[in-house]
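Peer 1: structure for this input, please:
(one chain, ligands or ions: 1)
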Amino acid sequence: MKKKIIIGNWKNYLKGVETIELSKKIIGETIPDYIRLMISPSNLYLNDVNEIMKDSSVEVIGQNITSYESSSDTGGITAIGLNSIGVDRSIIGHSEVRKRNEGFKSEDILKEIIPAKFKFILCFENTEQIPYDILNDDFEMILAYEPVWAIGTGETASIEHINQIHGSVKHELSKLNLDIPVLYGGSVNPDNSKDILSQELVDGVLVGGASTKFEDLYKIINSI
Ligand code: PGA
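Peer 2: Numbering: from 1, shown residues only. Purely as a prediction, here's the structure:
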């Protein structure tokens, strides 16, 4: 079985002590062979979490990039900066980022990070937001379907809806000969993760709220 990817997006839910405590609990547990776990803590604690997890199989990733390299970008975060602390992947275009940046276009940042082969998870709320023409498989790219109405609302998309969107994205990717994983995100929890993760068209899940609770995260990881 191809490994399923589970991303815990901790957003800004946890304080420093809680972040460290949860990270330590996670590395104390065995992760099943068929799961690839990525954790995305708040930027404030990214370096600490990366240190804690560096000898484990857990991959630590950023939540956002605002520019590729050093620039006049107050409060932003660069791909080069992430690389310098040993983080080589970030989420891009999360709906919460799109919401606070009117006119956000993932192409703007992707055009800078793709040539540099900086790995990313590109979130999309609708398929028009996927810039197929600039994707390639020279290195690992991941897509995540995140319907905005399902994020943090407790309202998960139906399996039929998820399969329909993932099917159409995978069809477009196959026309380009691209094998890019497509994840689902939006109110994934221990009660629905088995159903979602067991779909062939779903390569993994991006989990927000539930991933900040150790028991829920572990139920999700062990649900298939
Ligand atoms: P949620 O968040 O699981 O809390 O709905 C998902 C996300 O923001 O990616």
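
Peer 1: please make it C-alpha for all contacts and neighbour counts, starting now.
Peer 2: Noted.

Peer 1: where do the helices sit along this structure?
Peer 2: Assigned by DSSP state H, the helices in the chain fall at 16-27, 46-53, 79-84, 95-100, 106-113, 159-175, 193-197, 214-221.

Peer 1: CSV for those helices, including mean pLDDT?
Peer 2: Converted to CSV, the helices of the chain look like this (pLDDT from 0 to 100):
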stretch, mean pLDDT
helix 16-27, 98
helix 46-53, 97
helix 79-84, 96
helix 95-100, 95
helix 106-113, 95
helix 159-175, 98
helix 193-197, 98
helix 214-221, 98
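
Peer 1: make TSV from the ones you listed and add distance to the ligand and mean neighbour count to it.
Peer 2: Formatted as TSV, these follow (distance: least, C-alpha to the nearest ligand atom, whole Å; neighbours: other C-alpha atoms under 10 Å):
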stretch	distance to the ligand	mean neighbour count
helix 16-27	16	15
helix 46-53	17	19
helix 79-84	20	17
helix 95-100	7	13
helix 106-113	16	17
helix 159-175	14	15
helix 193-197	11	20
helix 214-221	11	18
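
Peer 1: now tabulate the ones you listed in TSV and tack on distance to S71.
Peer 2: Below are the helices of the chain laid out as TSV (distance: least, C-alpha to C-alpha, whole Å):
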stretch	distance to S71
helix 16-27	28
helix 46-53	21
helix 79-84	11
helix 95-100	19
helix 106-113	13
helix 159-175	33
helix 193-197	40
helix 214-221	37
